[in-house]
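need a 3D model of the following:
(2 chains)
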Amino acid sequence: MTEEVLQALLRALSFGTPLLLATLGGIVNERAGVVNLGVEGMMAVGALAAFGLASASGAWPMAVGLAALLGALAALLHGFVTLTLRANTYVSGLALSMLGLGVSGLLGKPYEGAFLFESAPELPFTLAAGGLAVLLWGVLFFTRPGLVLRSVGENPAAADALGIPVLAVRYLAVAFGGALAGVAGAFLSLAYQPAWTDGMTGGLGWIAVALVIFSGWHPLRAVLGAVFFGLLYYLQFRLQSQSQVPTELFAAMPYLLVVGVLALAGVRRSRGAAPAALGRSYQRGER
Amino acid sequence: MRRHGWWLTLLVLGLCSAAQAEEKKFKACFIYVGPVGDIGWSYAHDEARKLALKELPWLETQYVESVPEGQALPVIDRLVKGGCKAVFTTSFGFMDQTLEAAKKYPEVVFAHATGFKRAPNMATYMADFYQLYYLNGLMAGALTKTGKVGYVAAFPIPELKRHISAFALGVRAVNPEATVNLKWINAWVSPTKAREAAEALMAEGNDVLAFTEDTATVVQAAGRKKVPVFAHYSPMYRFSPDFVVSGQLVHWEKIYIDFLKKVREGAYAPGKLQDVDYWWLLHEGAVELGTQPGMPINPKWVDALKKAQMTVEGKPVSVHDRVMALLKDMSSSKPSFDPFQGPLTDRQGKARVPAGKGMSIQELNQMQWVVPGVVGPVADEPQ
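Next up is the predicted model:
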C-alpha cells in the first residue's frame, strides 16, 4: 500500500515538474499584470530547441539554456505585440500558442522519430522547480524587486508615479515566464519522453495556464497544485478498471477545479488574488 | 526548304515530347489525419507514398497532413481542383466525407482506408494486424511472469477490439490464466498520456507491455523499467534495442502501388470500384512481424522464447517455433490457421463464433465484443 502511494507520488512529481515550471513562469508574468496564453507554444519551441541541441551535442544543460532563451524570445514577441503595440493580450497569446506549435512542427521535421540515447535525468529538473518555487515566494513577498513586480501588476499608474519603469518590468517578467515555459518544454523532450514528436506538449501548457489561476498566483501553492494535477493525471489511468468513477472525470478535474475556484471567487465578489491590473495594457496618462 | 524542314522537325519533336510529358504523369493525393512525423499511422502512409513514387515513374503526388476529421471535404475540393485524379483518405473519420466527395466528383477515383462504405468510384482498403497481434500475444504470454500483460489502448473502436482480442487469444494460448489489462488514453497521438498509462500498468504488476498509440513512448517507458514490450506500427527497435521483443509493421505501399497500377491500366476506372475492398494481411505482404524490417523477433529474446513451452494439439512445442510456424502458414496463399477460428465466446461467456467457423471481414470490421482474458472497461461492449 505504501509502495502504491509512493509510486503515485513519484509519477505526480515527474508529471508535475513541467507543470510547475510553466506555472511559476506564468505567475511571474501575471503578477506583473501580463496574461500570456502562449505557454503551449513556448513549451513546444523549448522542447524542439532543447532536443535539437542535445541530439547534436549531447550536452543537456546547454540544451536547457537554449530552450530558456528561445522561450524568452517567443515571449518577448508577445510582449512587443501586447505591451508596445497594445494589441489584445488574449488573441496574441492564442496566436503565440499556434505559432509555437506550428513552427516547432515545421522545423522539427528532420527530428521526427529521433530520440536521445542518453536521456537527461528527471530529478534535477524536479528539484530545481521546487527550489525555484521557494525562491520566487521569497522574492515576491519579502524583497523590494518582488514589491516592484507586484505593484506593476496591481496599480501600474501608481507604480509609474513612483518612478518604476512599468514597461521594462513587464517585459522582464514576460521574458522570465517564457524562459520557464521553454525549460518546461526541455524537460519533456530531454527527460520525460526523450524524443521529438510533433505536438508532444499535449496540452500541458494549457493545464499550466489553468494552474496559475488555481494556485491563486502564489508560488508555493503552485507546488501543491502541480503535484495535485500530476496526481490526477496519473490517477485517470491508474484507477481505470478499478473504480466505479469514470476516469474521464479525473481527466476533466483540473479544469473543473479551476472553474470552481473562479466561480467561488466570483461569488465572494472579488477576483481572488488576481493582480488588479491583470490583462490590461497601461499607458501613461490614460485611466 | 531545307531550313524549314529543320524547324518543322524540331517543332514536331517538341510537341511530341510535351504531349508525352503531359500524358506521363498521374496525380494521386493523400489526406492524413495526423502529422507525417507521428512515427505511427500518418508516417507509415507517407513512407508508403514515397515508395510508390519511387516505384511508379509516371506518378506524381501531393499530400495534406493533420487534417481534422470532419474537415476533409474542403481539402478534397482543393486537391481535385489542383488536378488530383486519385484521392486517398487515410482515417476512419473521413469515411462519410469521402463518400460525399465521390458523388461530387464522379470522374475522380477515391479510396478510403479502414472504412466500409463504397461507391462506383470509391474503394476501401486496409492492411490489418490481427494475425500479427496473435503472434505477439503468444510471445507476450511466454514472457510474462506475473500473468499480467498490459495494453495501452487508443480508442475503443472495432479495429482495436479486434487487435486486443487477437493479442489476448495469443497470450492465453500459451498461458491460459494470464490477463490482458487495458488502459484507454482516448488519443491516437499523446506521449504524455501513453507514458502515464504505461507507468500505471507497470505499477499494477504488468510485466509485459503492448500498445496502440502513434509514438514510441510506451517502448521507451518500458525500456527504462526493463520490461519487455511489443512495438507498434513503425520500426521501433532503436528506441529500446534490449527490450523490444517484436511488434507490427505495415507496408501500405503494397496496396498503393497495386491500386494505382490498376487505376492506370483502366481496371479501376470510375464506375468499377463498388466492390473493390482491399483487406490485405501477411500473405499480400501488407504487414510484417517485427520491430524493424527483416527482424521478426529481436535476437536477444529468441532464447527465452525457445525455452518457453506451449501445448499445440496435445504436443509440447516451443513458443518460438510456434510463432515461426504460424508466421509461415499465415504468409502462405492458403493459411490453415486463423486466430479467430471458432469456437469462441466473448468475455461475458456468450458464444460468438461456432466451432469450425471463422469470422468474415465484415464481422471483423464491426467487432464490438472482446474475448475472455481482456480486463478493463470496454465501451460499446454488447452485454
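
any idea of the pLDDT on residue 202?
Chain wasn't specified; assuming chain A. Here, the pLDDT recorded for residue A:202 equals 86.

chain B was what I was after
97.

quick check on the closest residue to it other than its chain neighbours: phi, psi?
Nearest non-adjacent residue to residue B:202, counting by CB to CB, 6 or more residues apart in numbering or on different chains: residue B:225, 5.6 Å away. C-beta coordinates here come from the backbone N, C-alpha and C atoms, glycine included. In terms of degrees, to the nearest 10, the main-chain angles of residue B:225 are phi -100, psi 10.

give me the neighbour count for residue B:225.
Neighbourhood size, residue B:225 [other CB atoms under 10 Å in any protein chain shown]: 14.

and the stretch 151-287 of chain A, which residues reach chain B?
Contacts of the stretch 151-287 of chain A with chain B, taken as CB under 8 Å from any CB of the partner chain, map to A:188, A:192-195, A:197-200, A:202-204, A:233-234, A:236-238, A:240-241, A:247.

just the buried residues from the residues you listed, in ChimeraX please.
Entered in ChimeraX, the line below selects the buried ones among those, by 16 or more other CB atoms under 10 Å in any protein chain shown:
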select /A:188,192,193,194,195,197,198,199,200,202,204,233,234,236,237,238,240,241,247
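
closest point of chain A to chain B, which residue?
residue A:112 (2.9 Å; CB to the nearest CB).

tell me who's in contact with that residue.
A:196-198, B:35-39, B:43 (CB atoms under 8 Å, 6 or more residues apart in numbering or on different chains).

mind running it again at 10 Å?
Counting by CB atoms under 10 Å, 6 or more residues apart in numbering or on different chains, residue A:112 touches A:105, A:195-198, B:35-39, B:43.

show me those residues that map onto helices.
A:105, B:43 (DSSP state H).

highest neighbour count among the contacts of residue A:112?
residue A:197 (31 neighbours).

quick revisit: among the residues of the stretch 151-287 of chain A next to chain B, which are located in helices?
Counting by DSSP H, those contribute A:204, A:233-234, A:236-238, A:247 to helices.

how about the helices in the stretch 251-383 of chain B?
B:252-265, B:302-307, B:319-331, B:361-365 (DSSP state H, counting those that start in this stretch).

likewise chain A?
Going by DSSP H, chain A shows helices at A:2-31, A:39-57, A:60-79, A:89-107, A:123-142, A:144-154, A:156-161, A:166-187, A:204-214, A:219-238, A:247-267.

for residue B:169, which of these is the nearest?
helix A:219-238 (24.8 Å; CB to CB).

name the helices or strands packed onto that closest one?
helix A:2-31, helix A:123-142, helix A:204-214, helix A:247-267, strand B:179-184, helix B:191-203 (3 or more CB pairs under 10 Å, 6 or more residues apart in numbering or on different chains; DSSP states H and E).

what mean pLDDT does that helix get?
92.

with stretch A:132-149 instead?
In this model, stretch A:132-149 has a mean pLDDT of 97.

who touches it?
A:20-21, A:23-25, A:27-29, A:31-33, A:128, A:150, A:159, A:162, A:164-166, A:169-170, A:172-173, A:176, A:180, A:183, A:215, A:217-224, A:226, A:275.

then that stretch to PDB, C-alphas only?
This file holds the C-alpha atoms of stretch A:132-149, laid out as PDB (Å, rounded to 0.1, in the frame of the first residue of the first chain):
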ATOM      1  CA  LEU A 132      12.600  28.000  -7.600                       C
ATOM      2  CA  ALA A 133       9.100  28.000  -6.200                       C
ATOM      3  CA  VAL A 134      10.500  28.700  -2.700                       C
ATOM      4  CA  LEU A 135      12.900  31.300  -4.100                       C
ATOM      5  CA  LEU A 136      10.200  33.100  -6.000                       C
ATOM      6  CA  TRP A 137       7.900  33.100  -2.900                       C
ATOM      7  CA  GLY A 138      10.700  34.800  -1.000                       C
ATOM      8  CA  VAL A 139      11.500  37.300  -3.700                       C
ATOM      9  CA  LEU A 140       7.900  38.100  -4.500                       C
ATOM     10  CA  PHE A 141       6.700  38.800  -0.900                       C
ATOM     11  CA  PHE A 142       9.800  39.700   1.000                       C
ATOM     12  CA  THR A 143      12.000  41.800  -1.300                       C
ATOM     13  CA  ARG A 144      11.900  45.100  -3.000                       C
ATOM     14  CA  PRO A 145      12.100  43.700  -6.500                       C
ATOM     15  CA  GLY A 146       9.100  41.500  -5.600                       C
ATOM     16  CA  LEU A 147       7.200  44.500  -4.400                       C
ATOM     17  CA  VAL A 148       8.000  46.400  -7.600                       C
ATOM     18  CA  LEU A 149       6.800  43.500  -9.700                       C
END
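
for that stretch, buried residues please.
Buried, per 16+ other CB under 10 Å, within stretch A:132-149: A:132-133, A:136-137, A:139-140, A:146, A:148-149.

ok, now stretch B:146-166?
B:147-154, B:156, B:158-166.

now residue 199, nearest residue through space, not along the chain?
Answering for chain A, as no chain was given. Closest residue to residue A:199 apart from its sequence neighbours, by CB to CB, 6+ apart: residue B:189 at 6.3 Å.

actually, chain B is the one I wanted.
residue A:11 (5.5 Å).

okay, now the residue lying closest to residue A:190 once chain neighbours are set aside: neighbour count?
Leaving aside its chain neighbours, residue A:190 sits nearest to residue A:120 (4.0 Å; criterion: CB to CB, 6+ apart). Residues contacting residue A:120 under the criterion other CB under 10 Å number 22.

can I get the ones in helices among the residues of the stretch 151-287 of chain A next to chain B in TSV with distance to residue B:359?
Output for those, formatted as TSV (distance: CB to CB, whole Å):
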residue	distance to residue B:359
A:204	41
A:233	38
A:234	37
A:236	33
A:237	31
A:238	34
A:247	30
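
and the residue of chain B nearest chain A?
residue B:37 (2.9 Å).

now do the contacts for that residue.
Contacts of residue B:37 by CB under 10 Å, 6+ apart are A:105, A:108-114, A:196-199, B:43, B:46, B:65-66, B:189, B:215.

what is the burial count for residue B:55?
Residue B:55: 13 neighbours (other CB under 10 Å).

rewinding a little: pLDDT score assigned to the residue of chain B closest to chain A?
For residue B:37, pLDDT reads 72.

so how far is residue A:114 from it?
10 Å (CB to CB, to the nearest Å).

what touches both of the two?
A:108, A:196-197.

where is pLDDT lowest across those residues?
In terms of pLDDT, residue A:197 ranks lowest among the shared contacts of residue B:37 and residue A:114, with 86.

hang on, that residue packs against residue B:220?
No - under the criterion of CB atoms under 10 Å, residue A:197 makes no contact with residue B:220, lying 11.1 Å away.

common neighbours of those two, please.
Common neighbours of residue A:197 and residue B:220, counting by CB under 10 Å, 6+ apart, are A:115, B:191.

so what's residue B:327 up against?
B:131-132, B:135, B:282, B:288-290, B:296-297.

if you set the cut-off to 8 Å instead, what comes out?
Counted by CB under 8 Å, 6+ apart, residue B:327 has contacts B:135, B:282, B:289, B:296.
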